[in-house]
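>>> Structure, please.
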Amino acid sequence: MAEDVVELLLAQHARIEDLFGQVMAANGERRRERFEELARLLAVHETAEEEVLHPVARRTIDAGPAVVDARLAEEKEAKELLADLHEQGVTAPDFLANLRRLRISVLEHAKREERYEFPRLRAHLDEATGRRLATALRAAEAVAPTRPHAGVETATANIAAGPALAVLDRIRDAVRAAVRGDETGADGNR
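So this is what the prediction gives:
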């Protein structure tokens, strides 16, 4: 049986938590690589949630607008923290302290999604719709920006600004990969 959207997001939440630990435990180039992977996953994960999951939740679940608005505010805060971390780089003296702040923010946000949004959404979706939403989420992730862009937290904003931001982000990714001499492509895959 194909995974549904909630299963997919829960697996991504677990991967995000794992990556935080890897970044904190690593040093030098390995820390940079793990941080880049974490930043990329957070950026595409949140964009896809904003484009696919939150609009459905807003329309479908009890108190949907209030639940989604609270999650969007949390996502904006996390994007701002992530953008600051990305800009300062992993060698900044306060990188680990700021990473811990981001970790707390992101993991608390995930817990709130898992408590207030996901169960309510799952209760309103049949299996086929859950699978279709997982497919839509993966498609949104495939074309999402790979860096955090605070202020772009709604489906409308993502649809308006997302494609251009995604192209710019992926060009930056490819240039950085070329400069470093690694084989990582613009899509983040080797």
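>>> least trustworthy helix or strand in this protein by mean pLDDT?
Sorting the helices and strands of the chain by mean pLDDT, DSSP states H and E puts helix 155-180 at the bottom, at a mean of 48.
>>> which of the residues in stretch 75-94 are buried?
Neighbour-count burial for stretch 75-94 flags E75, K76, E77, A78, K79, L81, L82, A83, L85, V90 (criterion: 16 or more other CB atoms under 10 Å). Placement of C-beta: from N, CA and C, glycine included.
>>> if I look at the last one, how far off is L137?
If I follow you right, that is V90. 29 Å (CB to CB, to the nearest Å).
>>> likewise the fourth one?
A78 sits at a distance of 18 Å from L137 (criterion: CB to CB).
>>> and what of the third one?
Applying CB to CB, the value for E77 to L137 is 22 Å.
>>> Now, the buried residues of stretch 75-94 that are in helices?
Secondary structure defined by DSSP state H assigns E75, K76, E77, A78, K79, L81, L82, A83, L85 of these to helices.
>>> Can you name the next helix or strand after the one helix or strand A70 maps to?
Assigned by DSSP states H and E, A70 falls within helix 64-88. As assigned by DSSP H and E, the chain's next helix or strand after helix 64-88 is helix 95-112.
>>> so for that next one, what's the average pLDDT?
Helix 95-112 carries an average pLDDT of 97.
>>> for the protein, which spans come out with low pLDDT?
Across the chain, residues meeting the criterion (pLDDT under 70) sit at 1-2, 147-190.
>>> how far does the helix or strand harbouring R58 sit from the chain's center?
Under the criterion of DSSP H and E, R58 resides in helix 54-60. Centre-to-centre, helix 54-60 and its host chain are 18 Å apart (CA atoms, centre = their mean, to the nearest Å).
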